[in-house]
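[1] Sequence and predicted structure below; questions after.
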Amino acid sequence: MQTAGPDPISPVSEAEQELLRRFDARIDEGGFIEAKDWMPEHYRKTLVRQISQHAHSEIVGMLPEGNWITRAPTLKRKAILLAKVQDEGGHGLYLYAAAETLGISRDELLDALHRGQAKYSSIFNYPTLSWADVGVIGWLVDGAAIMNQVPLCRCSYAPYARAMVRICREESFHQRQGFESLLTMMRDGTQAQRDMVQHAVDRWWWPSLMMFGPPDSDSTHGAQSMRWGIKRMSNDELRQKFVDATVEQARVLGVTLPDAELAWNAERGHHDFGAIDWDEFRRVLGGDGPCNHERLAARVRAWEDGAWVREAAQAHAARHAEPARSATESAR
Ligand SMILES: [Fe+2]
Ligand SMILES: [Fe+2]
C-alpha cells in the first residue's frame, strides 16, 4: 500500500501498529471493514464526514422537488414524484444509520446541519422554476448521483457499501422517470413546453457537472480516500464518464447542452467540454447560492415542527417498555 504522509493520529503502541498493519492489509486485499473492526481515527472521521454530507444531501434534496408535488400536471406524475421524494427521505435514513455505526448520533449530525456547519451537495441550493426542472433533476442530478454512487457500492466500509446498493437501485428509477418525463414533453408537448425543458437544461447543466466536486488537482480529500478504498474513481474521471453518457441522451431528447466547447475528441476517446465556473461552485458551497438560506430554514422548521412527534414516540416507547420491565422484575 502506498502511504501519503503520516496519519494525523499515529499509532503509538506496538499493539496499535499491529492493528494498523492488519487494517492496511485488509484494504489492500480489497476487503471490507465492519463497524466492530478496529480502524484508524482518520478513516473513521473521513467516513463520518462523507456519509453525513451524503445523508444531509438526500434530505435537503427533497426540498426543490417537494416544491412541485402540489402542482404536478397529472395524477400519474404526482404519484411518481411523491414516491421519488419519499425515496430520498429513505436514503437519508439509511445513511444516517450507517453513520451512527461509526459512533456518532443522528442528533449530533442533524444539529451540525441545522447550525450551518455541515455541508450538503451545492446543487440543492438552486431553485426549481418550472415543472421541467423536476424532469431535469431526475435526468441530470440523479444521473450524476448514480455515476458518483455506483462505485461507493464497493466502498471499503461495509455498512456504507450495503446502504449504497439499495440507494443506487432507487436512483436508477429516479433517473429514468426524469428522462421519460422530459421525453414526453419534448415529443408530445407544445413548443412552450419544449422551450421550458431547454431552459431548465440550460440552468442545471453546469451545476450538475459541479456535483462531482473540485478538479482532482484541487481535491483535498481525494487521494487519501482513494487509498483507503472509500472512493474508487476520481472526481474528474466520474465527471468525464457523466458527460460522455449524457451527450447521447441529450441527442435522443432533442435538447442542446449549453456548452459551445462540447465536442467528441477521437484521440482521447472522450468528449471535451468547456471550463467550469469554480468560483460559482465555491460561492454556493460557502452559503451564498440562490436558495441556501431557504433550504436551511426549511430543514430547521421541519425539525422544530416535528418535535412533538419525536416526544410522543419516546413517551410511547417508554410506556411500552415499562410493563415488560415490571413483568421481568416480578418473575425474579
Ligand atoms: Fe437519493
Ligand atoms: Fe434520487
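    Okay, I see it. Ligands and ions are numbered 1, 2, ... in the order given.

[2] contacting residues around stretch 38-53?
    The contact list for stretch 38-53 (CB atoms under 8 Å, 6 or more residues apart in numbering) reads 7-9, 11, 19-20, 22-23, 33, 95-96, 98-99, 102-104, 109, 112, 118-121, 157, 160, 221, 224-225, 228, 230. Where you see a C-beta, it was placed from the backbone N, CA and C, and this is true even at glycine.

[3] what distance separates it from the middle of the whole chain?
    For stretch 38-53, the separation from the chain centroid amounts to 16 Å (computed by CA atoms, centre = their mean, to the nearest Å).

[4] With stretch 27-46 instead?
    From the chain centre to the centre of stretch 27-46 is a distance of 21 Å (CA atoms, centre = their mean).

[5] Which positions within that stretch qualify as buried?
    Neighbour counts over stretch 27-46 (16 or more other CB atoms under 10 Å) mark 27, 32-33, 39-40, 43-44, 46 as buried.

[6] between the residues you listed, which is nearest ligand 2?
    Using CB to the ion, residue 46 comes nearest to ligand 2 of these, at 23.8 Å.

[7] Give the next helix or strand downstream of the helix or strand that the closest one is a member of.
    Using DSSP states H and E, residue 46 falls within helix 41-60. On the C-terminal side of helix 41-60, the closest following helix or strand by DSSP H and E is helix 62-66.

[8] Is ligand 2 within reach of that following helix?
    No. On the criterion CB under 5 Å from the ion, helix 62-66 is out of touch with ligand 2, staying 9.0 Å away.

[9] what sits up against that helix?
    So helix 62-66 is contacted by 81, 84-85, 88-89, 92, 124, 126-128, 133-134, 137, 291, 295, 298-299 (CB under 8 Å, 6+ apart).

[10] Please report how far the residue positioned nearest the centre of the chain lies from ligand 1.
    Closest to where the C-alpha atoms of the chain average out (CA atoms, centre = their mean) is residue 54, at 4.2 Å. Distance, residue 54 to ligand 1, using CB to the ion, to the nearest Å: 9 Å.

[11] Make sure that residue is actually in contact with residue 88.
    No. In this structure, residue 54 is not within contact of residue 88 by CB atoms under 8 Å, at 11.5 Å.

[12] circling back: out of the contacts of helix 62-66, which sit inside strands?
    Among these, no residue falls in strands (DSSP state E).

[13] Buried among those residues? Make that a PyMOL selection.
    This is how PyMOL selects the buried members of those, with burial counted by 16+ other CB under 10 Å:
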select buried, resi 81+84+85+88+92+124+126+128+133+134+137+291+295+298+299
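
[14] Go back to the contacts of helix 62-66 and keep what's next to ligand 1.
    The residues of those that also fall near ligand 1, by CB under 5 Å from the ion, are residue 88.

[15] Now, the contacts of helix 62-66 that are in helices?
    81, 84-85, 88-89, 92, 133-134, 295, 298-299 (DSSP state H).

[16] if we can go back for a sec, from the contacts of stretch 38-53, list just the buried residues.
    Going by neighbour count (16+ other CB under 10 Å), the contacts of stretch 38-53 have 11, 19-20, 23, 33, 95-96, 98-99, 102, 104, 109, 118-121, 157, 160, 224-225, 228, 230 buried.

[17] List the contacts of the spatially closest residue to residue 34 that is not a sequence neighbour.
    Once flanking residues are discounted, residue 34 sits nearest to residue 158: 5.1 Å by CB to CB, 6 or more residues apart in numbering. The contact partners of residue 158, by CB under 8 Å, 6+ apart, come to 32-35.

[18] can you tell me how far residue 45 sits from ligand 1?
    24 Å.

[19] Just want the angle from the lengthiest helix in the chain to helix 41-60.
    Using DSSP H to define each element, the chain has its longest helix at helix 158-188. Direction vectors for helix 158-188 and helix 41-60, defined by axes from the mean of the first three to the mean of the last three CA atoms, to 10 degrees, enclose an angle of 30 degrees.

[20] immediately after helix 158-188, which helix or strand?
    Downstream of helix 158-188, the next assigned helix or strand under DSSP H and E is helix 191-210.

[21] Show me which residues of this structure sit near ligand 1.
    58, 88, 91.

[22] what number of residues lie near the first one?
    Same thing as residue 58. 23 (other CB atoms under 10 Å).
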